[in-house]
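Colleague: Below is the structure, and that's it, no one-letter string:
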């Protein structure tokens, strides 16, 4: 039965069209919705809308739904519309009156926002944790290969001598910036929407601070209309942060697809990472890299999808928001699987030093030649003209790397391990805090 | 077993990452892939790579897969990677040697393109047919309400007297233009990729014209490299055409969401189309219209998703193309359900004449007042200044509508039923042609 | 003076914000707006709103504006808001009463649409003409290099023997499909909006067929509200068609950027096409190709920009439409300059046969080896396994190309010159038709 | 003369195509490029590549360029390609040898990045300052109207009693979140790229910390390859932050366009903000709001434009980056003018209390009726069913507002003025820091 059941039945075609696949997608939210509902029940008990006995029944029943859901056994039917309805119906069936009381002072609008915010916190922490692992792998890779030469490219043409270390570390550093964006998204998401109801509050003496604390939110999201208006907006901010991570991955995959071509062979992957062709027996393909490239573009596109769905909408809840879920969930799943597989790729990446050394052809050293003249006092612009078109002597490549010793240059990678350590501390702290919250919500002591 | 099976096993994580949900999505293509394979078998028999007996076995086996698939019983496993592998494995199991021969002269690249083109033809015909139905509903609605007045708006402010007929017919005409775009997409898609193999042809004497004719394609898609390069590109063209239909729907839904607000009440829908609120007992919501608005934005976003995934890729097959499928299939499903439900909405749309007449307030007629002075010889710019700020007399609204009698104006809707008739003829002709093709492919006479 | 001047002055900041750069952009439309206004004047004379004398004065004055504009001397001021106001003010200054009469029965809404449609026709014809030139250059290039071998790639890995001819011709064929989309966009745009006024017609006996014929439109765009609603929509359709051309260019540029790398050197361009570096004396960069790649992505992005600006807007004119102009004009300019420069690139492209032949390494011929076994009767799947991992003998590459003789394969390019001829006929016919229209409009005989 | 001038001239068409409008756009960067060059000169003096005398000459000459540029007199020609070339040529003309020395150890790649980062810092501070002003206006507006009732809407249907105060404050709070995103973008941008040269450093003993400090950057951006790879990426992050501000504006404009319709008249603007129609004398249009809506969509689209241009590019500088500039500059200009004009709109917004009170029709109070039963002990779900369809008594609207007294509800807006104060402190601190930097750079003491 629908929560808003009136004296008529919804047209079947309209029901199928409006519910869409929401009842399937909502499986991801069941557990989080139960946590939100436990907090709601405790708050209603505090303000005496529920008796202690009713509160207890509800919490126990919600815990049993969590268990069912974790075992993949909690069903949401199309006619339930969404997880909120399925859960309330379940509670009413199991607890009677208490179940009929739980929705007092809330609406599905703030209820789903609460579940989404908790889901987002958990997923963002997961992403941050995987990104930190990837940064560590890249730093390790960079350190190991800091003296392996590699041509640097600009305009897709050979430019200057560089190193595999510099190349690998550049992605670590990119992810460090991305981490800051993830953190900001995490913080903006970390506000409690619960109790805002349909966006205008209610006449019930809802204690929003109490539920925010119970659920481990850093603060109450204040303006109840803004709570609704931040639907979609928060998702866009989160998605944008994910897209930064994915754009770093895009560049790394694009580079590797180039540098694993037969014409380069700078890097390779073990056969077990490579697929073949249905027609060409000799083929070894780097599909894993192609899909990393493609999936990063996919996540980037989701940001515009959400913006289009939520653009030019008036204040307050609009059903359009329902269509955000799929893109949002997909983007998390895609980002998580991509960061994880890339970490494996980096760990197994084979560096073909011979090919790299051979690729460092003399013309790469022409700028060095000009700068040597500069060191001798010649104006750079003259030195530039003087060496142009002249033959260049190739220098020992390892020496060439070491002679680039300014901050962050091939000879001075200056990897920031302290920063990684801070990332880990932050993640650990947020994870233990969330574990305490869960334990506290689940652990019933009246 | 994978088609490209070599002396190693793919890393499990890499396999999960690269296959993704392709093995599930490919269910949509099984039947079309079988049609393509029947044509391939017949062609191989024609050029003597297969014996008549082998050809027969393969066609029978492919027909049995079609049947299984239509009953939802043809399974594709993750380790199969895709439907092509599952089908070839099935054929080998059932027909032995013959199954091992079918892939001669083709690659999965042209095989999947063939299936996609056939799928696209069928889906586009479905869309065109539903769009034609919607045009007819809108024309009928317009005709019925051609004398019902309605304020016309510009800049979201009341502008001039108009009619419900003009408003309804405007969407019919919009869809008529959209139909032209669908037709162009249909034609561009209607070229046979089969036999292009991996994009470079083969040394086998493949008869591409023979398979193109068998499969009912209008022509062979000539350049075998362009065949591969049109992957993604064709999908973008098709999606763009769908997005035009959806953008027409977007405007209609946006209008209706405005005009069903309590402040307007120009239109309403039966209760059975409306949903309620979990907290507000008085609510009747037009979710169906909100979701039409949102879904049109969703389809529009998919066009950019495909462009991003396929942008800046070099020639030839790239695995990135795999990620096109989901967005492509979703866009067809979404467009089809949206056009269908909107046709129901139009059929049931209630026109509240009293509200509409009352909304035609006097200031709407101020331009008429100025133009009356023009008819008496006054320059328009003077007439404009003269009536500004003066009181206006409201005119009988039905008379006002009829007095706008130029081509396509409220008093002269000039609906184009002939065009609709041509649409139906085209659809019928293509549908019977496709039915003959299927019958011919399935009907084995040696 | 503004056309809608009332008893107050617009706030200066609001004026600057709302006019934006419209008064500058409108320079592109002045001439077309004058053509539209000549047709309007002739029609008003026909229905006796203007005397023959007034018509003559207006036409002469409009012709003088066209002349001024072509000399870059027609000024539009910020306080004029747009070209329509500047033109009407000019007419009133020069012709008095007649100028005050010209706006009878039209609105700026249909006026700007008329100018935009004429502009779009001319620009699309220009694009189609340049695309045809490019197709011809590519066909010529393909013919000349049809026997030059080139490795074919899939997954960015060497795949099969191919030819420079096949590669070049693939882009010609891609543009041939794009041309069809340009044609559809041209046809949909080729409908006359004039006389629809603000979207609801008027009580004046406007003869819309007469002006449509005078201006050379193929038909009257019927429903007057749809005329307004097609603002933005038509631009999206046109932009999408441009984006197809640009996506073909994107792939060509992406390929060339790869194949001109030092590691390939399959192709090169004369020095005069290459730029250098401010710091590295040895650099020769293919900026022209990089910018072709980037500009194609730019045009692709404009399609989503227009969709976002026009999405979820209610029927009728909305000022949001103003923001379409910049992206629309830019996209035409960018497409035109890109197609033109690419034609130069193709004409000057140097094919380094030695490098290409050397790149056709033996493993490319492994599929041939398997297919030879197939020709001898072995099932393909067995042949595939049998040759896997075995040494392959390199075949004479020219012979290898010729042996791929199926339709559209390297040995049988099957270039479609007839199609190109039809493109040229279409363009010529439309151009002469437009020239007659202009001559007729400009040539005053009372 | 070009910096990379060799023994040939660039083809004229290629030059026009590659330079594009860069030489015009670069006017925005001249001053910032001069600051960067002053720091470069001081650093080169520190490491003895320049003498004290040369350093002095260069600084004086750069100061004179700054002055010229501020007066609009510094010209960049198409053949100069960009501002960097124009400035170096100017320096060489004015200072001879010294000018030829300044480019030692840098490339145009890090040079333009330095200018862009400084430009971005200044523009972001400007945006943050204007956003803070807008927040203050909205808070003031909310406070003034905190007791003015207003219907709250969900699904575009009347939902619950709310207040003008809650509505206005919701946007203030939205902007407060947006400010956090602006801050993160500001911080990520606040890293010095100078000295990274073409992305691989150099053999010169460049002191990157010294120039970073001189230019007021918070830190050196470490990895020199990442410096190049952050081109485009940083712009995307900044643009995303701008797009959040614009999305808040979009919702506000969308609401106002609805609530200023004749059917609502909740709000209005002074006539001097409204425009008229060329044909309809009675029209008063809210173009300013329509353009705010459209411009927000425009800025949102720019984020995807940059992503498309920079997606799937390999590491290192690619000329594609040049096309970022226009969208980036436009987005700043558009955001700045939009926030500024909206602040004026809010200051002048007229609240029509009578219309708002009248719009609070009885059904809005039905949830209150149900919750009163809940307060009496009835389960909410029963109360919901009980009041459904029953007549509701309208309550005194001001009392109704006050009775919603939970955190952030209409009766308890809980405006956060402390946060605004912190914003102002941050802006002031950054602005004075930048002023000191400029003074220090300009003030020559040997």
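Modeller: Done, it's in. In this text, all values refer to a predicted model and were calculated from it rather than measured experimentally. Residues are numbered from 1 along each chain as shown, chains lettered A, B, ... in the order given.
Colleague: In space, what's closest to the residue of the stretch 251-400 of chain A found nearest chain B - neighbours in sequence excluded?
Modeller: Chain B sits closest to residue A:276 of the stretch 251-400 of chain A, with a gap of 2.7 Å, by CB to the nearest CB. For every residue, glycine as well, the C-beta is placed using N, CA and C. Nearest residue to residue A:276 in three dimensions, chain neighbours excluded: residue B:4, at 2.7 Å (CB to CB, 6 or more residues apart in numbering or on different chains).
Colleague: doesn't the one you found fall inside a helix?
Modeller: No: assigned with DSSP: H, G, I helix; E, B strand; the rest coil, residue B:4 falls outside any helix and is coil.
Colleague: Would you map the helices across the stretch 201-350 of chain A?
Modeller: Taking DSSP state H, counting those that start in this stretch as the test, the helices found in the stretch 201-350 of chain A are A:208-214, A:224-229, A:233-259, A:287-310, A:324-348.
Colleague: Quick check, residue A:285 in contact with residue A:276.
Modeller: Yes: the pair residue A:285 and residue A:276 qualifies as a contact (CB atoms under 8 Å) at a distance of 6.9 Å.
Colleague: more neighbours, those two?
Modeller: residue A:285 (24 against 21; other CB atoms under 10 Å in any protein chain shown).
Colleague: check contacts around that one.
Modeller: By CB atoms under 8 Å, 6 or more residues apart in numbering or on different chains, the residues touching residue A:285 are A:274-277, B:319, C:154-155, C:157.
Colleague: and those as TSV, adding distance to residue A:329 and pLDDT?
Modeller: Below are the contacts of residue A:285 laid out as TSV (distance: CB to CB, whole Å; pLDDT from 0 to 100):
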residue	distance to residue A:329	pLDDT
A:274	30	97
A:275	27	95
A:276	32	95
A:277	33	95
B:319	23	97
C:154	32	98
C:155	29	98
C:157	34	98
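Colleague: Of these, which pair is most distant in space?
Modeller: The widest separation within the contacts of residue A:285, taken as CB to CB, falls between A:274 and C:154 and amounts to 13.4 Å.
Colleague: and the nearest residue to residue A:263 once chain neighbours are set aside, what is it in contact with?
Modeller: Closest residue to residue A:263 apart from its sequence neighbours, by CB to CB, 6+ apart: residue C:263 at 4.2 Å. With contact taken as CB under 8 Å, 6+ apart, residue C:263 is in contact with A:261, A:263-264, A:359.
Colleague: From those residues, pick the one nearest chain C.
Modeller: Nearest member of the contacts of residue C:263 to chain C, counting by CB to the nearest CB, is residue A:263, at 4.2 Å.
Colleague: quick one: that closest one from chain D, how far?
Modeller: 14 Å (CB to the nearest CB, to the nearest Å).
Colleague: mind checking how far that residue is from residue C:145?
Modeller: 20 Å (CB to CB, to the nearest Å).
Colleague: cool, and residue A:296?
Modeller: 36 Å.
Colleague: Among the two, which residue is more densely surrounded?
Modeller: residue A:296 (30 against 21).
Colleague: Am I right that the more buried one is in contact with residue A:247?
Modeller: Yes: using CB under 8 Å, residue A:296 and residue A:247 qualify as a contacting pair, with a distance of 6.1 Å.
Colleague: and residue A:8, how many neighbours?
Modeller: Residue A:8 sits with 10 neighbouring residues when counted by other CB under 10 Å.
Colleague: For the stretch 51-200 of chain A, just list every one of the helices.
Modeller: Using DSSP H, counting those that start in this stretch, helices in the stretch 51-200 of chain A cover A:52-70, A:83-95, A:97-101, A:108-144, A:164-189.
Colleague: hmm, the last one in reach of chain D?
Modeller: Put plainly, it is helix A:164-189. Yes: using CB under 8 Å from any CB of the partner chain, helix A:164-189 reaches chain D at A:166-167, A:169-174, A:177, A:180-181, A:183-184, A:187-188.
Colleague: For burial, what's the neighbour tally of residue A:74?
Modeller: 20.
Colleague: show me the contacts for it.
Modeller: A:27, A:30, A:65, A:68, A:86, A:90.
Colleague: ok, now which ones touch residue A:158?
Modeller: A:151-152, A:359, A:361, A:363-364, C:262.
Colleague: check contacts around the closest residue to residue A:134 other than its chain neighbours.
Modeller: Sequence neighbours aside, residue A:343 is the residue nearest to residue A:134 in space, at 4.8 Å (criterion: CB to CB, 6+ apart). By CB under 8 Å, 6+ apart, the residues touching residue A:343 are A:130, A:133-134, A:137.
Colleague: now residue A:223
Modeller: Neighbours of residue A:223 in contact, by CB under 8 Å, 6+ apart: D:166, D:169-170, D:172-173, D:408, D:413-414.
Colleague: Likewise for residue A:37?
Modeller: Counting by CB under 8 Å, 6+ apart, residue A:37 touches A:58, A:62, A:87, A:91, A:102, A:111.
Colleague: and what of residue A:17?
Modeller: B:288, B:291, B:337-338, B:341.
Colleague: same thing but 10 Å
Modeller: A:11, B:273, B:287-288, B:291-292, B:295, B:337-338, B:340-342, B:344-345 (CB atoms under 10 Å, 6 or more residues apart in numbering or on different chains).
Colleague: of these, closest to chain C?
Modeller: residue B:292 (10.9 Å).
Colleague: Could you check how far the residue of the stretch 151-300 of chain A found nearest chain D is from residue D:150?
Modeller: Minimum separation of the stretch 151-300 of chain A from chain D (CB to the nearest CB) falls at residue A:201, amounting to 3.1 Å. From residue A:201 across to residue D:150, the span is 14 Å (CB to CB).
Colleague: Please say which of those two ends up with more neighbours.
Modeller: Shown here are residue A:201 and residue D:150; by other CB under 10 Å, residue A:201 has more neighbours (33 against 28).
Colleague: For that one, which non-adjacent residue is spatially closest?
Modeller: residue D:409 (3.1 Å).
Colleague: from memory residue A:397 sits against residue A:362, does it?
Modeller: No: here residue A:397 lies out of contact with residue A:362, judged by CB atoms under 10 Å, at a distance of 11.0 Å.
Colleague: So the two - more neighbours on which side?
Modeller: A direct count of neighbours by other CB under 10 Å for residue A:397 and residue A:362 places residue A:397 higher, at 23 against 13.
Colleague: In this structure residue A:146 contacts residue A:351, no?
Modeller: No: judged on CB under 10 Å, residue A:146 makes no contact with residue A:351 at a distance of 11.4 Å.
Colleague: Now list whatever residues contact both of the two.
Modeller: A:164, A:168.
Colleague: In this structure residue A:289 contacts residue A:257, no?
Modeller: Yes: assessed by CB under 10 Å, residue A:289 is found in contact with residue A:257 at 5.0 Å.
Colleague: Residue A:422: neighbour count?
Modeller: Neighbour number of residue A:422 under other CB under 10 Å is 13.
Colleague: What sits closest to residue A:310 if chain neighbours are left out?
Modeller: Residue A:310 sits nearest to residue A:232 (CB to CB, 6+ apart), 3.6 Å away.
Colleague: Give me the pLDDT value at the closest residue to residue A:64 other than its chain neighbours.
Modeller: Ranked by CB to CB, 6+ apart and with sequence neighbours excluded, the top spatial neighbour of residue A:64 is residue A:94, at 7.7 Å. pLDDT recorded at residue A:94 is 97.
Colleague: Let me see the contact set for residue A:94.
Modeller: So residue A:94 contacts A:57-58, A:60-62, A:64-65 (CB under 10 Å, 6+ apart).
Colleague: before we move on, the earlier item: only whichever of the contacts of residue A:74 are buried, select them in ChimeraX.
Modeller: Selection of the buried residues among the contacts of residue A:74 in ChimeraX, burial being defined by 16 or more other CB atoms under 10 Å in any protein chain shown:
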select /A:30,65,68,86,90
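Colleague: Switch the contacts of residue A:74 over to TSV; also include pLDDT and distance to residue A:238.
Modeller: Converted to TSV, those look like this (pLDDT from 0 to 100; distance: CB to CB, whole Å):
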residue	pLDDT	distance to residue A:238
A:27	97	20
A:30	98	20
A:65	98	26
A:68	97	28
A:86	97	26
A:90	97	30
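Colleague: Right, I'll leave it there.
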